[in-house]
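1. I would like the atomic coordinates for the input below:
(chains A and B)
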Amino acid sequence: MYSYIDVLSVGASVGGLRVGDMLVQLFFFLLLLYLVKKFAWGPIINMMQKREEYVANEIDAAEKSRADAEKASQEAQERLKQMKQEAQKIVDDAKEAGQKQEQEIIRAAREEANRLKESAQADIQNEKEKALQALQDKVASLSVLIATKVIEKEIDEKDQEKLINEYIKEVGEEL
Amino acid sequence: MNHTAPIAHDLFGISWLDVNLANLFMVAVSSAVVFILSVIASRKLQMRPTGLQNFMEWIVEFVKGIISDTMDWKTGKIFLPLGLTLITYILVSNLLGVATVGVIGHDLWWKSPTADATLTLTLSGMVILLTHFYGIKIQGMKHYLKGYVSPSPIMLPFKIIEEFTNTLTLGLRLFGNIYAGEVLLGLLVMLATANIPFGFIFAAVPMLAWQGFSVFIGGIQAFVFTMLTMVYLSHKVSSDH
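-> Numbers count the residues shown, from 1 in each chain, chains lettered A, B, ... in the order given. So this is what the prediction gives:
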């Protein structure tokens, strides 16, 4: 039969501090500490550290690529704006050049027209003068002819006298 | 039928070297169990943790939390393996005796190593020695000695006594909790075997409850031991004390 006292003797080993037990405990604990550090906890802690670094790196990389993307988009926007301005400028330039050319053409046309008009007028004047000259020449020779005919036919003393006078008078008026 | 300890007297002919072979055996078993479990759990480590690796990392985070609570993580970092080994070794030791108690002849062979005051006091003594060692190593001898007389020299005797009481309370708290648990389990086994039909029925339910409680106590005591270890270490290595 078991008794209460027997049960308490479960702890028979309580009594006494045995040096051997202490050394055994110390030896095994330190050995265990060394072994699990080397084979279990060390690798686990390393892995955790590696993961931490990896995550940190990933976050950094994500941050960097985000910043890059933002920068690129800003650049693109800038570029687009610049392009728009350039295009606007080209259109404006073209418009201006067109207007200039238009005016130029109109001016040239006007000048040409004026020139043509002037030359036509000069021609007309010239022709007119030529015609007048020719007419004058014709009239002179005709009048000489008529004069000779008249003189041949019926010039007499009296008439001659009258003609001379008239002539002289005419000359005198002209002078 | 008194249970006695299988003590080997005067080992190697040295007069003061007695060894309780049961202690030796159980310490070896606990260490082996801890080592094997740790190594099995930490095989095939991956960047993306699965299964046992998650559990091991949880333990690491847990102990890390204990250390961070008591001191600056930068100085406490080196105590992480110590804390991990302490908590796993003590937990396994506590639980070994909860599962069963083994007796061969009159000798008690299978029990918790932590149900022996010698072993727990060895652990606590080792911890206290480590606090002194790291106190001197990290803070320097001058700062370490100054700790005994601050805030005033009147504190010197108390500070010296504190070192011994710390050792005793740290070791005996663990021993007392686990030993008491084993004693009660032993009593319940007695009751169960003394009167086979009725005693067994009366003992079965309390036995179940007490074993569950012992598991709980075992976990709590492992945590408390590790926690106090870190507290004592922080007293010595933190500059704000």
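
2. where exactly do the strands run in chain A?
-> For chain A, strands defined by DSSP state E do not occur.

3. mind listing the strands for chain B?
-> B:7-8, B:19-20, B:102-104, B:107-110.

4. Which strands or helices does the second one pack on?
-> In other words, strand B:19-20. When contacts are defined as 3 or more Cβ pairs under 8 Å, 6 or more residues apart in numbering or on different chains; DSSP states H and E, strand B:19-20 packs onto helix A:19-36, strand B:7-8. Quick note: C-beta positions are derived from backbone N, CA and C, even for glycine.

5. Pull the distance from that strand to the chain's centre.
-> Offset of strand B:19-20 from its chain centre (Cα atoms, centre = their mean, to the nearest Å): 19 Å.

6. Now do that strand, average pLDDT.
-> Average pLDDT, strand B:19-20: 75.

7. Sheet partners, orientation included, of that strand?
-> strand B:7-8 (antiparallel) (DSSP bridges).

8. per-residue confidence averaged over the partner strand?
-> 68.

9. Spell out for me which residue occupies the centre of the chain.
-> Just so you know, I chose chain A. residue A:86 (2.4 Å; Cα atoms, centre = their mean).

10. Correction: the question concerned chain B.
-> residue B:90 (3.8 Å).

11. Residue B:25 - how many residues pack around it?
-> Residue B:25 sits with 17 neighbouring residues when counted by other Cβ atoms under 10 Å in any protein chain shown.

12. if I look at it, how far off is chain A?
-> Separation of residue B:25 from chain A (Cβ to the nearest Cβ, to the nearest Å): 10 Å.

13. Hmm, residue B:108 and that residue touching each other?
-> No: between residue B:25 and residue B:108 there is no contact under Cβ atoms under 8 Å: 10.7 Å.

14. Pull the contacting residues for residue 41.
-> Here I'm looking at chain A. Residue A:41 is in contact with B:38, B:42, B:60, B:80, B:81, B:84, B:85, counting by Cβ atoms under 8 Å, 6 or more residues apart in numbering or on different chains.

15. My question was about chain B, not that one.
-> A:40, B:52, B:53, B:55, B:56.

16. so where's the longest helix in chain B?
-> Longest among the helix segments of chain B by residue count, using DSSP state H, is helix B:196-237.

17. whoops, chain A was the one
-> Taking DSSP H as the criterion, chain A has its longest helix at helix A:42-154.

18. Hey, what's the angle from that helix to helix A:19-36? Just curious.
-> Interaxial angle of helix A:42-154 relative to helix A:19-36 (axes from the mean of the first three to the mean of the last three Cα atoms, to 10 degrees): 20 degrees.

19. right, is helix A:42-154 up against chain B?
-> Yes: for helix A:42-154 and chain B, the contact criterion (Cβ under 8 Å from any Cβ of the partner chain) is met by A:42, A:43, A:44, A:45, A:47, A:48, A:50, A:51, A:54.

20. Can you name every helix or strand that that helix contacts?
-> Packed next to helix A:42-154, using 3+ Cβ pairs under 8 Å, 6+ apart, are helix B:52-70, helix B:80-99.

21. Please identify the most buried of the ones you listed.
-> helix B:80-99 (a mean of 23; mean count of other Cβ atoms under 10 Å in any protein chain shown).

22. roughly how far out does that one sit from the chain middle?
-> 6 Å.

23. quick one: it near chain A?
-> Yes: judged by Cβ under 8 Å from any Cβ, helix B:80-99 comes into contact with chain A through B:80, B:81, B:82, B:84, B:85, B:88, B:89.

24. Show me which residues of stretch A:38-54 are buried.
-> A:40, A:41, A:43, A:44, A:45, A:47, A:48, A:51 (16 or more other Cβ atoms under 10 Å in any protein chain shown).

25. okay but residue B:225 is in contact with residue B:90, surely?
-> Yes: counting by Cβ under 8 Å, residue B:225 touches residue B:90, with 5.4 Å between them.
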